[in-house]
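*Asks:* Structure, please.
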Amino acid sequence: MADITGTPGVDSLFGSLSADAIVALAGDDVAFGSDGEDIIFGNSGNDALAGNQGNDTINSGRDNDVILGGQGDDLGSGDDGSDWIFGNLGSDTLFGNLGDDSIFGGQQDDVIFGGQGNDVISGDFGNDVISGDKGTDSLSGGAGQDIFVLTKGGGGATPADADLILDFREGDRLGLAPGLNLAEINIQFVATGNGIGDVIIRDLSENTGSYLAIVKNVAQTLITRDTFTTDLTPIVDDGSGGGDGGGDGGGDGGSGAIDPTPPLARRIVLNIGEDTPISTQFDASDANNDPLTFTIVNPPTNGSVNLIGLPNGFFSYSPGRNFSGSDSFTYQANDGTALSNVATVTINIFAIEDVPVADTKTVAVDTINSSPITLTGSDGDGDPLSFKVTSLPENGTLFQATPEMTRGAEITANTVITNPEGIVIFVPEPGATAPSSFNYVANDGKAESAEAIVTLNLGNVAANSAPGIDLNGNTVDGLDFTARFRGPEVAIVDPVNLNVGDADNDEIASATVTITNLKDGVSEILDVTIAHDISKSYNSATGTLTLSGFATVSEYAEVLRTVTYNNTALTPTPGARTITFTVNDGKENSVPAVSTVYYPDDTVRITTGTRATSIPASAFLVNDGGVGLSMTGTNMLPGGVTEIGGVPISELNFNNPADGSTFTYTFAESSGNTGTAKVTILRVDRTGGGDIISGGSGPDLLRGEEGFDTITGGAGADVFIYEDEDEGSGTFDATQDNLLAQISTNQYDIILDFAKGIDKIGITRGVRAVNDFADILPVVQTTFAGNILTGSQRIFAYETGGSTYIVYDEDGNNIAGNNSRIFAKLEGVTGLGTLSINDFSFIP
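*Replies:* Residues are numbered from 1 along each chain as shown. Model prediction:
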């Protein structure tokens with residue numbers, strides 16, 4: 001006996017011609033027993049285990065496995081997991097055990113136990129003993145005289161918990177497992193029409209009324225108490241063939257009468273492996289034992305069937321190449337006088353792993369410069385492939401290829417390639433001119449291919465020209481594109497004029513589209529309509545859409561013209577999204593082309609009671625996208641909102657408009673392109689002290705009033721308003737030491753997200769002696785001594801501790817009068833250096 005043990009990885013293990021012990025260990029393994037009485041253990045992993053010839057013992061172990069008994073009387077155990085178990089030839093004993101298993105007895109007399117879980121069991125040919133055991137099981141006997149075993153506790157309180165017996169026929173029996181008493185079995189017939197119905201079998205012991213099984217689509221008289229048995233061994237054929245059909249066949253032959261009873265054709269269920277033909281016999285009988293011929297009524301859709309021996313009713317079925325799943329066809333029998341009913345042959349075809357193929361190739365490489373080489377292969381199952389270099393070239397070095405098509409780590413023998421397109425980089429030795437080669441294999445995650453050779457012909461090869469892409473023109477110089485998102489998905493390229501090119505007329509290997517500044521995470525989606533041999537994948541965590549598969553430049557252009565952007569967030573975060581496009585010819589990336597997606601709609605939040613304040617048109621136009629934008633008009637302005645300026649409009653003034661009111665405005669680019677945007681006005685309430693006030697995505701007007709408030713503007717150009725000096729801290733003389741002491745009290749407003757050049761501090765005429773920028777000290781102080789205010793200056797800024805503070809002094813002398821106040825802390829704002837008029841809004 002040979003002992004064959006796998007590794008913890010993915011193995012293919014083959015037995016010898018003798019009795020073998022094969023242990024697959026962890027991983028998704030393939031184990032074949034060959035001849036002899038083999039013992040095979042799958043252990044963990046999704047394994048495929050075949051006993052082949054001999055009386056084999058197969059235990060699949062954990063996970064979801066496939067067991068093939070082959071020839072001989074086999075013992076197969078599915079163990080844990082949802083397994084597929086095939087007894088095939090021989091009188092087999094099969095156990096599903098844990099999990100939802102599919103078990104097929106195959107030919108001859110099998111004993112099948114489903115175990116726990118909801119199993120599908122078919123006895124196929126032979127006189128089988130079938131037990132669903134625990135769970136809600138579907139049972140089919142197939143051809144032969146079968147015993148369907150009912151198990152104590154195997155059903156449940158409702159019909160939905162019962163086993164389904166799908167093809168109970170004359171000669172089949174219902175077996176009672178230990179613990180069941182025929183006297184406590186209840187049989188109920190539920191008619192479904194034409195004398196046919198379902199028989200419900202219940203266990204009435206201990207008043208449980210447990211539903212054990214439902215026998216589907218049988219005549220009312222087929223199941224009686226004589227149908228039950230406690231003998232759970234396969235039924236032995238008595239050799240009488242057709243019973244007494246010919247016992248008195250000549251008794252009244254002179255009458256010339258012909259029995260009009262048509263033949264009976266029965267349903268057949270076959271189970272085979274992918275790409276595996278099968279030959280077997282139709283299942284039909286005739287009351288007069290007349291010879292039968294057969295015809296195909298409806299052919300199969302995923303394979304072919306041929307009649308091969310009409311006198312005996314044999315046929316062969318061949319599944320379509322690489323097809324797995326279910327196929328069927330129908331047939332009729334003819335006894336020379338009448339046609340039978342139409343019966344169905346169902347073929348369940350389970351997938352068998354196709355070993356991938358690595359492509360042999362010859363590549364011209366440069367004698368001086370590095371050369372990219374793309375490893376390729378194929379897999380009949382369509383599984384993604386990885387590649388491994390198994391031997392190295394003699395006159396050069398192989399390197400991994402980075403996503404930027406530069407050299408990565410040096411490749412040694414038996415190194416897996418990391419580039420997702422299977423690209424490696426070859427660097428020749430100085431002066432090398434002789435041909436060289438290396439070997440590699442392909443792997444689909446389940447099996448490894450045979451080695452393929454890459455022959456390298458060294459010579460002077462012209463330098464590669466990188467491919468190019470632009471998004472809205474007829475050249476490939478990287479022209480960009482802009483789009484405006486208002487929901488639902490929007491095209492982010494020109495769907496007609498996007499172009500891809502390559503001066504070398506190379507095929508394109510891949511393309512990458514990336515949102516470089518995701519703001520709403522997985523809610524932001526890039527999509528594309530694929531065609532040709534191009535596949536797609538989207539990584540929502542990084543906002544990257546990847547297209548892969550070699551195709552022509554025109555085919556890639558066709559696909560890329562369909563790229564769209566969508567945002568499924570309930571309230572998308574405003575701000576432009578920058579989306580880059582690159583294409584790769586297997587050697588180099590193109591220069592990125594950029595699509596910018598804008599969000600034109602705005603929401604303005606206004607603190608209740610804020611006096612009339614203007615917002616410049618530019619604060620709205622910033623979200624609209626385009627070149628040379630101007631606001632050209634408004635529509636349906638609500639009360640309290642007025643235009644300032646003519647055409648173009650320079651500002652919009654807001655004087656306590658109603659909460660929830662809306663309006664639209666039109667805008668134009670310098671090119672003449674126009675668009676519209678919607679503005680929604682929301683009121684923000686305050687209590688007069690210690691408020692937490694938040695703006696939103698658009699330009700907001702926010703005022704904390706009295707007390708020490710925490711204010712967030714959010715995205716957009718916001719104005720933080722102070723209407724009188726009492727809205728600041730308590731009064732003090734603002735020497736540097738006193739100012740630091742007042743800062744430590746935290747008794748002032750805190751603005752959490754002030755953005756210089758975008759947001760403003762709004763000062764109304766209610767703040768005494770502050771009317772315009774002349775009343776502001778421009779230079780931000782970091783250290784000072786004495787009075788720093790001159791002339792009409794009343795406000796200065798002081799930076800310390802990683803933030804900047806806005807300080808007001810009523811009389812223009814910060815070290816006297818006890819009338820300085822801190823208006824606000826600009827949290828985290830540093831390096832302002834000098835204040836400008838753009839940092840303030842002076843409100844009448």
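
*Asks:* Give me the residues contacting stretch 522-531.
*Replies:* Residues outside stretch 522-531 that contact it (C-beta atoms under 8 Å, 6 or more residues apart in numbering) are 489, 513, 515, 518, 536, 538, 540-541, 543-545, 547, 555, 558-560, 562-569, 572, 577, 579. Yep, even glycine has a C-beta here, placed from its N, CA and C like the rest.

*Asks:* Only the buried subset of these, as a ChimeraX command please.
*Replies:* Buried residues among those (16 or more other C-beta atoms under 10 Å), as a ChimeraX selection:
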select :513,515,518,536,543,544,545,547,555,558,559,560,563,564,565,567,572,577,579
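
*Asks:* Need the nearest residue in space to Glu410, chain neighbours excluded.
*Replies:* The shortest distance from Glu410 to any residue other than its chain neighbours is 5.7 Å, reached at Phe399 (C-beta to C-beta, 6 or more residues apart in numbering).

*Asks:* Strand partners (parallel or antiparallel) of whichever strand or helix holds the one you found?
*Replies:* Element membership of Phe399 [criterion: DSSP states H and E] is strand 396-401. In the sheet, strand 396-401 lines up against strand 407-410 (antiparallel), strand 423-428 (antiparallel) (DSSP bridges).

*Asks:* mind listing what's buried in the shortest one?
*Replies:* Within strand 407-410, the residues that count as buried by 16+ other C-beta under 10 Å are Gly408.

*Asks:* That strand: what's the following helix or strand?
*Replies:* Heading C-terminal from strand 407-410 (DSSP H and E), you reach strand 415-416.

*Asks:* So what touches that following strand?
*Replies:* Against strand 415-416 from outside (C-beta under 8 Å, 6+ apart): Ser386, Phe387, Lys388, Val389, Gln400.

*Asks:* Over to stretch 81-90?
*Replies:* Identification of contacts with stretch 81-90 by C-beta under 8 Å, 6+ apart yields 46, 55, 60, 62-74, 76, 78, 94, 96, 98-108, 110, 112, 117, 124, 271, 350.

*Asks:* ok, which stretches of the stretch 551-700 of the chain are strands?
*Replies:* When secondary structure is read from DSSP state E, counting those that start in this stretch, the stretch 551-700 of the chain shows strands at 564-567, 577-584, 593-598, 602-607, 613-616, 630-635, 641-644, 651-654, 662-668, 674-684, 692-694.

*Asks:* looking at those strands, which is closest to His532?
*Replies:* strand 577-584 (14.4 Å; C-beta to C-beta).

*Asks:* Do I have it right that Ser77 meets Ile58?
*Replies:* Yes: counting by C-beta atoms under 8 Å, Ser77 touches Ile58, with 7.0 Å between them.

*Asks:* Contacts only, for Asn635.
*Replies:* Contacts of Asn635 by C-beta under 8 Å, 6+ apart are Phe663, Thr664, Tyr665, Thr666.

*Asks:* worst-scoring helix or strand of the chain, pLDDT-wise?
*Replies:* Least confident helix or strand, the chain: strand 12-14 with a mean of 66, by mean pLDDT, DSSP states H and E.

*Asks:* picking up where we left off before, between the strands paired with strand 396-401, which one is closest to Thr735.
*Replies:* strand 407-410 (61.5 Å).

*Asks:* Is it correct that Ser614 is in contact with Ile649?
*Replies:* No: Ser614 is beyond contact range of Ile649, at 10.9 Å (criterion: C-beta under 8 Å).

*Asks:* that older thread, just want to know which of Ser77 and Ile58 has more residues nearby.
*Replies:* Ile58 (29 against 21; other C-beta atoms under 10 Å).

*Asks:* Show me what the helix or strand where the more buried one lies packs onto, helices and strands only.
*Replies:* Ile58 belongs to strand 57-59 when assigned by DSSP H and E. Secondary-structure packing of strand 57-59 (3 or more C-beta pairs under 8 Å, 6 or more residues apart in numbering; DSSP states H and E): strand 39-41, strand 75-77.

*Asks:* which other residues reach the last one?
*Replies:* Residues from elsewhere that reach strand 75-77 (C-beta under 8 Å, 6+ apart): 51, 55-60, 67, 69, 85, 87, 92-95, 97.

*Asks:* looking only at pLDDT, what's the mean for the helix or strand following that strand?
*Replies:* Remark: after strand 75-77, the chain's next helix or strand is strand 84-86, criterion DSSP H and E. On average, the pLDDT along strand 84-86 is 79.

*Asks:* before we move on, what about stretch 759-776?
*Replies:* Computed over stretch 759-776, the average pLDDT equals 91.

*Asks:* So what touches that stretch?
*Replies:* With C-beta under 8 Å, 6+ apart as the criterion, stretch 759-776 contacts 611, 613, 701, 703, 713, 717-725, 753, 791-796, 806, 808, 810, 812, 823-824, 835, 837-844.

*Asks:* now the residues you listed: which count as buried?
*Replies:* Among those, the ones that count as buried by 16+ other C-beta under 10 Å are 611, 613, 701, 703, 713, 717-723, 725, 753, 793-796, 806, 808, 810, 812, 823-824, 835, 839-843.

*Asks:* Out of the residues you listed, which sit inside helices?
*Replies:* Among those, no member falls in helices (DSSP state H).

*Asks:* What about the residues you listed, which are in strands?
*Replies:* Judged by DSSP state E, the subset of the buried ones among the contacts of stretch 759-776 located in strands is 613, 701, 719-722, 795-796, 806, 808, 823-824, 840-843.

*Asks:* Could you report the distance from the nearest residue to Tyr805 once chain neighbours are set aside to Ile750?
*Replies:* Nearest residue to Tyr805, sequence neighbours excluded (C-beta to C-beta, 6+ apart): Tyr798, at 4.9 Å. As defined by C-beta to C-beta, to the nearest Å, Tyr798 lies at a distance of 15 Å from Ile750.

*Asks:* Done for today, thanks.
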